[in-house]
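Participant: pasted the sequence and its predicted model underneath.
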Amino acid sequence: MSAVLNCNITFIGGGNMAQALIGGLISRGLPATRITVSDPVEEIRQLLLEKDVHVTDNNVAAIKDADIVVLAVKPQVLGLVLKPLQGLFDGKLIISIVAGAEIKTISALTGNDRVVRVMPNTPALVQTGAHGIFAYDVVEAKDRELATQVLAATGLTIWVNSEAQVDAVTAVSGSGPAYFFYMMESMIRAGKNMGLDEKVATALTLQTALGAAQMAITSSNSPSELRKNVTSPNGTTQAALEVFDRAQISQNIQTALATAQKRSQELAQELSDSIK
C-alpha cells in the first residue's frame, strides 16, 4: 500500500463504487487531501465533502495534478465525459471501473495507453469485493501494483490473462451477488412457507450464507468436498440436493452464467459502436 499513499488520485464520478474505493483508501492511510472527486451532482459532492476530500464539477481541473485517474461514470456518458479531456491524461495511470468499456475504447478517448480495466462488484461497498483486473503489456509492473493497491482497499483483486476473460469475470463475480441474493430470497420464502417468522427465516438464511462462504474461504477442502461432508446418506440434505439435481439446477446455473457472459460481450460492442 505504500506506493499508492504517495499518489494524488482523482475519481471522475462519485457514485457508490467510487465512494467505496475512497473509503477503503482512506481507511488504509491515504490522506483525504490526496483525493479529488469530480461529479456533476451537488448532493454527491456534499456527501463526499464530509470525507474531507476535494470535490468539483470541473473534470479538467480535477485531473490536472492527478497521478491516478479512476473512471467511475455510467457507460452511456463515457464518451461525453472523456472526449473533452482527450490529450490531458499524459503521465497518468487510468483505472476504469466503467462496465463494458474496453481498453481500446478508453485509450482512443483519452489518448493514453496506461489503462487498467477493472470489473468490480457491489460487496466492495462493505470491503468484501471481488475485482477482476486486466491491462495490456504496455502497462508496466509499477502501474499494475498501484492498481492492485487501489482496488485491494475494498476486497480481493484477481488479474486475468486476457480482456476477453473480463466478460467471464462479469458473469461470475460482477453479476454474482445477485445470484446469491436470489438464493437467499428463495430460502427465506421457503422458511416462511414452513411456518417460520420472516425475521427468523431471514436471520437464519443470511447467517448460513455468511458461514458457508467463510468455511469455503478458510477450509483446505473444495466447495464440492464441503458439500459432501454435510450430506449424510438418506438425510435431509441429500433429500434437498436430489431435488436440485432433478431440476438440473447446476446445469441451469452454468447456462445462466454463459448467457451473462454473452450479454457482457454484446454490451461492450454496443458501447464501442455508440461512441465511435
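Facilitator: Sure thing, it's come through.
Participant: for the most centrally placed residue in the chain, which residues are in contact?
Facilitator: The structure's the chain has its C-alpha centroid closest to residue 120; by CA atoms, centre = their mean the separation is 1.2 Å. Contacts for residue 120 (CB atoms under 8 Å, 6 or more residues apart in numbering) come out as 17, 97, 129-131, 151, 154, 174. Any C-beta I mention is one placed from the backbone N, CA and C, and that applies to glycine too.
Participant: could those residues be laid out in TSV, adding neighbour count and distance to residue 42?
Facilitator: Below are those laid out as TSV (neighbours: other CB atoms under 10 Å; distance: CB to CB, whole Å):
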residue	neighbour count	distance to residue 42
17	22	20
97	24	23
129	24	28
130	21	32
131	25	29
151	27	28
154	27	25
174	22	30
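Participant: from these, which ones fall inside helices?
Facilitator: Secondary structure defined by DSSP state H assigns 17, 151 of the contacts of residue 120 to helices.
Participant: tell me the one of the contacts of residue 120 nearest residue 215?
Facilitator: Each of those was checked against residue 215 using CB to CB; the closest is residue 130, at 17.2 Å.
Participant: my guess is that closest one contacts residue 118, does it?
Facilitator: No. The criterion here is CB atoms under 8 Å, and residue 130 misses it with residue 118 at 10.9 Å.
Participant: which pLDDT value belongs to the residue nearest to the centre of the chain?
Facilitator: With respect to pLDDT, residue 120 scores 94.
Participant: the one 5 residues further on too?
Facilitator: In the prediction, the pLDDT value recorded for residue 125 is 91.
Participant: got the domain ranges for the chain?
Facilitator: According to automatic domain parsing, the chain comprises the domains 4-161, 176-259.
Participant: out of those, which one sits most buried?
Facilitator: Most buried of the domains of the chain, by mean neighbour count (mean count of other CB atoms under 10 Å): domain 4-161, with a mean of 18.
Participant: how far does that domain stretch from one end to the other?
Facilitator: Length of domain 4-161, first residue to last, CA to CA, to the nearest Å: 24 Å.
Participant: just give me how far it sits from the chain centre.
Facilitator: In terms of CA atoms, centre = their mean, to the nearest Å, the centre of domain 4-161 is set 12 Å apart from its chain centre.
Participant: model confidence over stretch 260-270, on average?
Facilitator: The pLDDT scores in stretch 260-270 average 94.
Participant: please apply the same query to stretch 139-152.
Facilitator: Rounded mean pLDDT across stretch 139-152 is 95.
Participant: what does that stretch contact?
Facilitator: Contacts for stretch 139-152 (CB under 8 Å, 6+ apart): 1, 3-4, 7, 9, 21, 25, 68, 70, 93, 95, 113-116, 118, 120, 129, 131, 133, 135, 157, 159.
Participant: confidence score at residue 171?
Facilitator: So, for residue 171, pLDDT stands at 97.
Participant: what of residue 2?
Facilitator: What the model reports for residue 2 is a pLDDT of 74.
Participant: sec struct for it, please.
Facilitator: coil (DSSP: H, G, I helix; E, B strand; the rest coil).
Participant: ok, now how distant is it from residue 159?
Facilitator: According to CB to CB, to the nearest Å, residue 2 stands 20 Å off from residue 159.
Participant: swap in residue 68?
Facilitator: According to CB to CB, residue 68 stands 17 Å off from residue 159.
Participant: what does residue 184 give?
Facilitator: Separation of residue 184 from residue 159 (CB to CB) stands at 30 Å.
Participant: equivalent analysis for residue 172, please.
Facilitator: Distance from residue 172 to residue 159, counting by CB to CB: 15 Å.
Participant: residue 223 too?
Facilitator: 23 Å.
Participant: ditto for residue 52
Facilitator: For residue 52, the distance to residue 159 equals 32 Å [CB to CB].
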